[in-house]
Structure formats: structure tokens, C-alpha cells
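Colleague: Build me a structure from this.
(2 chains)
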Protein chains: 2
Amino acid sequence: MTLLDRTRAAITDVDSEAAAATQRQLDNKTKPRRSLGRLEDLACQIAGIQRNPKPPLPTKAVVVMAGDHGVAREGVSAYPPEVTWQMLLNFSRGGAAINVLARQAGARLVVVDMGVNGPAEVIPGVLSCRVAPGTRNFVEGPAMTTAQACAALDRGIAIADELAGMGIDLIGIGEMGIGNTTAATALLAAFSDCPVEEITGRGTGVDDGALVRKIAAIKKALEVNPPAGKSPEEVLASLGGFEIAGLAGVVLGAAARKIPVVLDGFIASAAALVAARLAPLVAKYVIASHRSVEAGHKIVLAALGTKPLFELEMRLGEGTGAALAMHMVEAALRVLHEMATFDSAGVTDTGK
Amino acid sequence: MTLLDRTRAAITDVDSEAAAATQRQLDNKTKPRRSLGRLEDLACQIAGIQRNPKPPLPTKAVVVMAGDHGVAREGVSAYPPEVTWQMLLNFSRGGAAINVLARQAGARLVVVDMGVNGPAEVIPGVLSCRVAPGTRNFVEGPAMTTAQACAALDRGIAIADELAGMGIDLIGIGEMGIGNTTAATALLAAFSDCPVEEITGRGTGVDDGALVRKIAAIKKALEVNPPAGKSPEEVLASLGGFEIAGLAGVVLGAAARKIPVVLDGFIASAAALVAARLAPLVAKYVIASHRSVEAGHKIVLAALGTKPLFELEMRLGEGTGAALAMHMVEAALRVLHEMATFDSAGVTDTGK
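Modeller: Residues are numbered from 1 along each chain as shown, chains lettered A, B, ... in the order given. Model (predicted):
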């Protein structure tokens, strides 16, 4: 039995009894019933995931995975491919947005080179899990071999497992990779049957010309790598990327260890959709942070059956939205632990 | 010249040059231009308010004001009036939702009795500014005298001034008062000409019968206290409440001291609308946190020309949404201070 198979088998349904017990505790807190809205939902969801009606305050990590994409050669991004490697260095030195926001959220930041096309040197503070120096250009054939895609999934699973072993019980996921909205959109098209034009956005901010090239590249990729009849692993291999596969692995590994996963933007959410195609129950383990301006994001979130906590017109990636959402997850659990009950505070409870 | 007049005169326009200088700094950070969306807007807004292109990380306070409402006798709330006093005690002991969320946000919590109908004893940790033990029932005449409303405004101004003197540079506002969505809705009806039915919600969760009574009470109040031709202070006096007047004063006082104010839900936002009717420029000093489920909230926010950062189906009040939003405000300023620039990080800048 492969690691992937064992992990899928270990993912079981969440505990609705624990979630209901959490709601009963919240109903005794000094506030009108359900008046904290989605914060209450978050507390109940986490209770169900952890099978614990009173989950502890979260110990957090944000996993950022980076990879390069052969399709970047089609001129689909506003930035040249070398920016992926440059940003890895920036992460390692603490200067990127996710460094700032993970620090603020009190989250450990785990940066992983899943497949960057850069020097072989190891960057201090960056976990080197490079499957290959970037994917192949999927307008000409599969982006990865199925073996490569499975290797990337396995590395993601192993990282989630290691974080679980360190006591991490809330994982956010984010990514970096020039060209990766193109790959994520191709995956979404394959998994959703949505017209490519409707789900293709401007990524980091491409102009009209690049948007046309991006749509053409995705359509070509779907022709060259027709998804019909393929397994999710094979679709992932032909249209995905190393960081997307790695993050799908993190989602699977986290769910197998009963850890909720806070999604970031479009690409991280597409990785979660890959995971959900491999193991449908993982959809119950994800928390959508924000909805980005990327056109396909709302389609991915709907396919996962989740809705975002906020919309801040963000489109940066890196896990930035996930880090922001962690404040709300923590708030939900703090309310559960720290608020007085009607009885203990001597406040009249009308049951409303 | 009264304190109110001096305060209004001290409120000047924000500095669009400082805001533009902040945007230029953000444009040099290692991320696509504007990719942090509304976080970037927040940083620029605060720069404009403080007349400082690089505002310091915020030193925060949440001001929660409490008051009782004579109209509660009309059966417009799901809770009995004594809950206002009981919740003051709960705030003082740290057991309410806002205690938990202000602590999480690193915000000083300032709880003020503006006009609660409770024992005269001073509660430790509660600032006693009681103008009167609750307003009169505004279906029978004005809720307050204009002198009382102005006294409440003055106390709010003085509190903002004191917080400014202590180095607070970000103020959130929240409230507690059984019956106060009724008062806030009456004020909104007076200031907006919206039909009462369209802007009246269920507050803490009233049933259909109480909702009918609530609408009837507001309509009666508008008949008994016709707003036409009245000054904003007079409208506030006839239809408002002590905590609403006090919070309007906090907004005015904060704006006069160049301090941004994070609004909470419907009632706190209605207080800001009162302040904006007294001094229109204050609208540029407010940050809307969440949009609550209360029907009138979106109308108030539109009247203030602002839009919320998130919608979490909350309807608790107390400043809970404001405390949550402070994490986002802090994130915006941390990005400004802590992120690397394209130059310093050696990342290729394409100007996109």
C-alpha cells in the first residue's frame, strides 16, 4: 500500500457529536444564541475535525510551497520565471508579505522548494524537496510524470505528518510560482468543466495580451492532455505543478492527522480541490480564508462546498489570506475557552 | 465656544499627499502592485488620517459604552433591561466576548456606563459617566433633553481626548444596551428617510411579535418626535441613547485628534452617522469592520461612504467586530514597516 493510499484510508468523517457539543457550550456563553455567526461555525468545525468538543487554542503553521512552471515560457505572467527563485530567497530572509503576516499571526512559517528552477544550493530556512527544476510546458505534453506528481504528493503528506508530530494543530497553505494561476486554472477546467474563458483571471496582473495567451495556453493544454477518463493523480500530473501537488499532499496529510487546513487564494484552493478529488472527505477539513479577485476562485470554493471568511480584493498568494484568517480561527476558540456562561456571570438567559 | 463646537472646528480633511506617499512605498514592496487590496487601502487611509506616510504600528483601545433605553418597556428586545447592568458587571470581570477579543487584539478595553439603569455603586474597571439612569421612552416624548445629549457627546469627546493623551492611535467603538437597535434604527430613519420596515432588524434575536412591536414603536417615536427641521443634536436627543451619543462623541474627539475609528456593528455605525451629521469630515476617519445581519447596517455604512472588511453573520455588538478588524489594520501597517522592497530583496520589478 502506497503512502498516498494509506493516507486516503486514514481520512475519516468529522465528528458531528463533538461539533454539536461545542455549539451547546457556545449557547451557554453570555451572548445571544448564534450571535457570533461564523466564528461559532469555525469553533464547531474544528471540534468536529479534532473529535474534541473543546479544542485547544491553535498552534499554527503556514506552509508555503514554491515551484516553477514550463508554461511560463508562453508569456502568461506579468513576471519573469526567475522571480520564483528570488522570492524563495526573500522568504528565507523574512522580507515577503507572508513572513510579516505569519509572524503577526504567531504561526511558524515553513517554506518548501518543491520544484523551483534555480541554483542547486540549499537556501537556509527553506526545506528542499525539489522534485525537478520546474515542470515541463504542458502545452507540449504532461507537466509532470505521474511518478513525479505522486512524489510531490508524498512530500506534502510527510510534511503535514511532521508538523502534526511537532504539535501543530492548524495549518495554513500558500504558494509561490510564476505561471501557477495558469496551471491551477487548467486543473479547475479539467475538474469542473467550466469554460476556460470564464475561470481565467489576471494572476499577478497580466495585461490583455497576456490574458489572451493564458487562455490559449490552457485550452491547448487541455487538448494535448485531455482529462477525460484519467485518475485525479494523472490529471494533476498532466496539468498541475510541483507546489500544487505538494500542497494537495499537505491537505491530505493534515486531514489524516485530524488537522484543519486554512486555504489561501485560488492556487492553494485548487490544490485542496485536487486533494478532494483524491479523498472527498478532506473538503470537511478545509477553512476558506478569503476570496481573491481571481475569477476561478469562487468556482473552486463552491466545488469544495465552502465559503470564504472575507473578501479583501487580495491576489498575492504566499498564504497571506490564510495567515489573516488565523486570527479569526483563534478568536473562535478563545471565545469557547474564555467567555463566561450565563450562570457564572449572573446574566439573565432568555434562551434567545 | 462649547467643547462640541471646538471639536468640530478641529476636525480637518485628511492628507491625501501622505496617503499617496504610502501607496508609493507599498508599490516598492515585493509583491505585485495593489495585490494586498484593501489592506493597502487601510494603510493609506491611516496615513492620510495621521498626516504621516509611515504610521507607527497601532496602539489600540476599544471603547464600549452602555446605556439603557426607556423604549425597552415596549417589548422590543429578546432580553429584559436588567441585562445591560448585568453585562457591565460581566465586562468588569473579563467574561464577555469583547473582553476575549480585545485581549486577543492587544487592545485596551475601556468600558463606560453612559446611562445604565442600575445601582449607583461604582463597578471596578467601569468608567462612570452616567448622564441619567436610562433614557425616557421615546414613544412618549424625547428620549433625552438636548442638554443631556450634549453632555453625553462631551463625555465621549473627553474620553477620546484622554486616550489620545495616553498614546492610543487606533480606537474601536462598541456598545451594550437592551433596546438600542430600536434607538439606532429610529435615528437612521430620521437621518436617511428610509422606510422603517426596511431598516428594522431582529437585534439580539426577537421573534415576529416583538419585531412588529419594534417597528410600531419606531414609527410612533418618529411621529411624536418629528425630525424635520431639527439640528443633529436635537434628533440625537429625541431618538438616541446615552451610549449612542457618547460614541458619537468618541468619533468626533478621535477625528479631532487624528485617530482612526474602527466601527463595530449597526449601533456603533449609527453613532458614527450621528457624528458625521455633526461634522461631515469624520466619515473619512472611520473604518467599517464587519457588516452585521441587522437590516439597517448596510444603509448606515453606505451613508458613511464606507464598506465593511468582512461579513461574518455577527450580531453581538460590544465592539466584537471592531476588535477582529484590528488584526487587519495592524497587518496593513506591519506590511508597510516590515516587508522588503524589490531593490533590497533583489527581486525583479516589472512595474505590474
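
Colleague: Return the set of buried residues in stretch A:328-344.
Modeller: Judged by neighbour count using 16 or more other Cβ atoms under 10 Å in any protein chain shown, the buried positions of stretch A:328-344 are A:328-336, A:338-340, A:342. Heads up, the C-betas are built off the backbone N, CA and C, glycines and all.

Colleague: Check stretch A:103-119 too.
Modeller: Buried positions in stretch A:103-119, judged by neighbour count with 16+ other Cβ under 10 Å: A:104-105, A:107-118.

Colleague: So for it, mean pLDDT?
Modeller: The average pLDDT within stretch A:103-119 is 98.

Colleague: Is there proximity between that stretch and chain B?
Modeller: Yes - using Cβ under 8 Å from any Cβ of the partner chain, stretch A:103-119 comes into contact with chain B via A:103, A:104.

Colleague: Please could you give me each C-alpha atom of that stretch, formatted as CSV?
Modeller: What follows is stretch A:103-119, C-alpha atoms only, in CSV (Å, rounded to 0.1, in the frame of the first residue of the first chain):
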residue,chain,number,x,y,z
ARG,A,103,4.8,36.5,12.4
GLN,A,104,1.8,38.6,13.3
ALA,A,105,-0.4,35.5,13.5
GLY,A,106,2.1,33.7,15.7
ALA,A,107,2.4,31.0,13.0
ARG,A,108,5.6,29.0,12.2
LEU,A,109,6.4,29.5,8.6
VAL,A,110,7.6,26.5,6.6
VAL,A,111,8.9,27.4,3.1
VAL,A,112,9.4,24.5,0.8
ASP,A,113,11.2,24.3,-2.6
MET,A,114,9.0,21.7,-4.4
GLY,A,115,10.4,22.3,-7.8
VAL,A,116,12.0,25.7,-8.5
ASN,A,117,14.2,26.2,-11.5
GLY,A,118,17.1,27.8,-9.6
PRO,A,119,20.6,27.1,-8.4
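
Colleague: can you tell me if the helix or strand hosting residue A:210 touches chain B.
Modeller: Assigned by DSSP states H and E, residue A:210 falls within helix A:208-224. No - residues of helix A:208-224 contacting chain B under Cβ under 8 Å from any Cβ: none, with a closest distance of 9.6 Å.

Colleague: could you say what helices and strands the helix or strand just after that helix packs with?
Modeller: Downstream of helix A:208-224, the next assigned helix or strand under DSSP H and E is helix A:232-239. When contacts are defined as 3 or more Cβ pairs under 8 Å, 6 or more residues apart in numbering or on different chains; DSSP states H and E, helix A:232-239 sits against helix A:146-165, helix A:180-192, helix A:208-224, helix A:242-256, helix A:266-278.

Colleague: out of those helices, deepest packed?
Modeller: Ranked by mean neighbour count, the helices and strands packed on helix A:232-239 are led by helix A:242-256 with a mean of 32 (mean count of other Cβ atoms under 10 Å in any protein chain shown).

Colleague: quick one: pLDDT of residue A:168?
Modeller: pLDDT, residue A:168: 98.

Colleague: Please verify my assumption that it contacts residue A:59.
Modeller: Yes - here residue A:168 reaches residue A:59: they are 5.4 Å apart, a contact under Cβ atoms under 8 Å.

Colleague: about what we covered before: can you tell me which of the helices and strands packed on helix A:232-239 comes nearest to residue B:249?
Modeller: Judged by Cβ to Cβ, the one of the helices and strands packed on helix A:232-239 that comes nearest to residue B:249 is helix A:266-278, at 44.5 Å.

Colleague: Remind me what whichever helix or strand comes after that closest one packs against, helices and strands.
Modeller: Remark: after helix A:266-278, the chain's next helix or strand is strand A:286-288, criterion DSSP H and E. For strand A:286-288, the packing partners by 3+ Cβ pairs under 8 Å, 6+ apart come out as strand A:261-263.

Colleague: So is the strand it packs on next to chain B?
Modeller: No - applying Cβ under 8 Å from any Cβ, one finds strand A:261-263 out of contact with chain B, separated by at least 14.1 Å.

Colleague: Can you add mean pLDDT and distance to residue B:16 and give the helices and strands packed on helix A:232-239 back as TSV?
Modeller: Output for the helices and strands packed on helix A:232-239, formatted as TSV (pLDDT from 0 to 100; distance: least, Cβ to Cβ, whole Å):
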stretch	mean pLDDT	distance to residue B:16
helix A:146-165	98	45
helix A:180-192	97	33
helix A:208-224	96	30
helix A:242-256	98	40
helix A:266-278	98	33
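
Colleague: And the furthest pair within the buried residues of stretch A:103-119?
Modeller: Most distant of the buried residues of stretch A:103-119, by Cβ to Cβ, are A:104 and A:117, 31.1 Å apart.

Colleague: Name the residues of the stretch 201-350 of chain A found near chain B, please.
Modeller: Within reach of chain B by Cβ under 8 Å from any Cβ, the stretch 201-350 of chain A has these residues: A:204-206, A:293, A:309-316, A:320, A:324, A:327-328, A:330-331, A:334-335, A:338-340, A:344-348, A:350.
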